[in-house]
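Student: the following block contains a protein sequence and its predicted model.
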Amino acid sequence: MDDVTKNAYGRPWWATAVFYQVYPRSFADGNGDGTGDLIGLRQRLDHLDRLGVDAMWISPFYRSPMADGGYDVSDPCDVDPLFGTLADFDALLADAHQRGIKVTVDLVPNHFSDQHPWFVAALAAGPGSPERARFIFRAGRGPDGSQPPNNWPSVFGGPAWTRVPDGEWYLHLFAPEQPDLDWTNPEVPAEFERILRFWLDRGVDGFRIDVAHGMAKEPGLPDVDLSVIPSREEGATMPSPDDIRWDRDQVHEYHRMFRRVLDSYPGDRMAVGEAWVANSERLARYVRPGELNLTFNFELVEANWGAKTFREAIERSLRAMSGVGAPCTWVLANHDVERAATRYGGGAVGVARSRAAALVQLSLPGAAYVYNGDELGLTNVELPDWALQDPTWERSRHTERGRDGERVPLPWSGDEPPFGFSTAPATWLPMPAEWAAVTVEKQESDPGSTLRLYRRALALRASTPDLLEPEFAWLELPTGCLGYRRGEISVLLNAGEAPLPLPAGEVLLASGPLDGQTLPIDTAVWLRG
Ligand code: GLC
């Protein structure tokens, strides 16, 4: 029997896996309430199977008041009724495994929901209590303590501190409904070991560690230099090394604990970190031996469209990860950032570029994460004000629209919303009528569709040893073009302004139409020979 924990070349499965990120609210609705859920996901597993992904990462479906889309967890060991039941999860896991698809889930260790029993108890128990010592409660500044304990802003806007009626303040790097845990209190790591084991015992193959760069706090919680924090309008960016809210050395001890727990189970269980840190060198520290297996590499998310920017991003990533012997993890998008097609200019050009970028992403050495809807070439949706749900919208006093535009439910079939996503007419975010053209059903029958391109790319990747081995060498090409070899395979991207003469070789796959002689602009190709 095949060893399902290794890839075809004897490496651990996760080192070259293509992971598919399911944002469960938006993937498929199985119970007709307009919000996606685990039953809907299970019913649509065929889609993942035909796409050819190795694994999925399911964003949080745990009990949650949903103040931050489920990243405010009130019971990490149960399924929120919005998404189903634990039995639904077990059935999903069994079905996915039967199809050879691994299942990884989110772990949210930086904070709990303010409705978690620990925080409810902390509020009730009062200052100085052991219940409060699980969170970060402090006295305020100023003669009457009416000023926050330090000047830290929260990621969603406004101060990172909220005052409770008895006068103390608690820290929340995100929304006030997400109080930060104090990881120096041994009860906290012990609780997370329990949570990891709960899901590992059920059979999950791994975890995505939310805010992996945030759990350790600078001792004494000194003020941060506010001038080093970029405005949120600049979009997702890596923090400055001087932003002392993140990436403290102590955090690595917690990752080593996660790894010890994972390694105590059979079957190459894994963890990938979500660490937004200053640069690739800092990122590589999260995947040193004995720490996390993978860490999202947001270099390609941050790179503007262009051969030079892509090359620099790829070079930095490869160099940093090879320094610690870890595979790279290539990411074009997720539920927190604008969709790739929108970042690259939107419209037909944006879609063409995102298809080309996907052929780059999927031919680089290492693991890759595909965000649900990328395989359909979806763009961000301009939502009306009334529809917005991301806490950023309220917290920024309606100056930042937040992340809902990349979270709109997927269009499956039919000619009008909700496009087979749900049987309810209204979905949790409204779906645009134009998506009639990009449903899974339409793309299935169109050989030139983005869906068919992704399927072909994943099938070729799985059957082409050169794409799964680490070998990589740059090709020198004219300005505006990018190229590299992976063994016998050459990958070329034309991000320039003129067509590139196509070198000799068998075209395995192209992201857009070719004329036989040249590689058109905004197009990528995989060649053999
Ligand atoms: C991560 C999640 C994001 C969430 C935040 C707080 O960045 O990806 O969606 O808002 O953590 O948990």
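Tutor: Looks like it arrived, so ask away. Numbering: from 1, shown residues only.

Student: and this structure, which residues reach the ligand?
Tutor: Contact residues, the chain versus the ligand (Cβ under 6 Å from any ligand atom): 68, 71, 108, 174, 210-211, 274, 335-336. For the C-beta atoms, the positions are set from N, CA and C on the backbone; glycine is no exception.

Student: filter the residues you listed down to just the ones in helices.
Tutor: Secondary structure from DSSP state H places none of the residues of the chain next to the ligand in helices.

Student: looking at the protein, which residue is nearest the ligand?
Tutor: Closest to the ligand within the chain is residue 71: 3.4 Å, counting by Cβ to the nearest ligand atom.

Student: tell me the contacts of that residue?
Tutor: 60, 64, 106, 108, 174, 178, 210 (Cβ atoms under 8 Å, 6 or more residues apart in numbering).

Student: doesn't residue 348 belong to a helix?
Tutor: Yes. Residue 348: assigned to a helix according to DSSP: H, G, I helix; E, B strand; the rest coil.

Student: of the contacts of residue 71, just say which sits nearest to residue 224.
Tutor: Nearest to residue 224, judged by Cβ to Cβ, of the contacts of residue 71 is residue 174 at 15.6 Å.

Student: so the closest one sits right up against residue 111, yeah?
Tutor: Yes. Residue 174 lies in contact with residue 111 (Cβ atoms under 8 Å); the separation is 6.4 Å.

Student: the more surrounded of these two?
Tutor: For residue 174 versus residue 111, neighbours defined as other Cβ atoms under 10 Å are more numerous around residue 111 (28 against 24).

Student: the more buried one reaches residue 177, doesn't it?
Tutor: No. Distance between residue 111 and residue 177: 9.0 Å, which falls outside the contact criterion (Cβ under 8 Å).

Student: overlap in contacts, these two.
Tutor: With Cβ under 8 Å, 6+ apart as the test, residue 111 and residue 177 both reach residue 72.

Student: got a list of contacts for stretch 510-527?
Tutor: Under the criterion Cβ under 8 Å, 6+ apart, residues 349, 352-353, 355-360, 363, 448, 453, 457, 460, 481, 489-503, 505-509 lie in contact with stretch 510-527.

Student: how about stretch 244-253?
Tutor: 152, 160, 173, 183, 212-218, 222, 224, 239, 241, 275-278, 282, 285-286, 288, 291.

Student: span of it from start to end?
Tutor: Taking Cα to Cα, to the nearest Å, stretch 244-253 runs 18 Å from one end to the other.

Student: can I get the CA coordinates of the helix ranked longest in the chain in CSV?
Tutor: Assignment by DSSP H gives helix 307-324 as the longest helix of the chain. The C-alpha coordinates for helix 307-324 follow below in CSV (Å, rounded to 0.1, in the frame of the first residue of the first chain):
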residue,chain,number,x,y,z
ALA,A,307,9.2,40.1,-13.5
LYS,A,308,11.7,41.9,-11.3
THR,A,309,9.4,42.1,-8.2
PHE,A,310,8.5,38.4,-8.6
ARG,A,311,12.1,37.4,-9.1
GLU,A,312,13.2,39.3,-6.0
ALA,A,313,10.4,37.8,-3.9
ILE,A,314,11.2,34.3,-5.1
GLU,A,315,15.0,34.7,-4.5
ARG,A,316,14.5,36.1,-1.0
SER,A,317,12.2,33.3,-0.1
LEU,A,318,14.3,30.5,-1.5
ARG,A,319,17.5,31.8,0.1
ALA,A,320,15.9,32.2,3.6
MET,A,321,14.2,28.9,3.6
SER,A,322,17.2,26.9,2.3
GLY,A,323,19.2,28.5,5.2
VAL,A,324,17.0,26.5,7.7
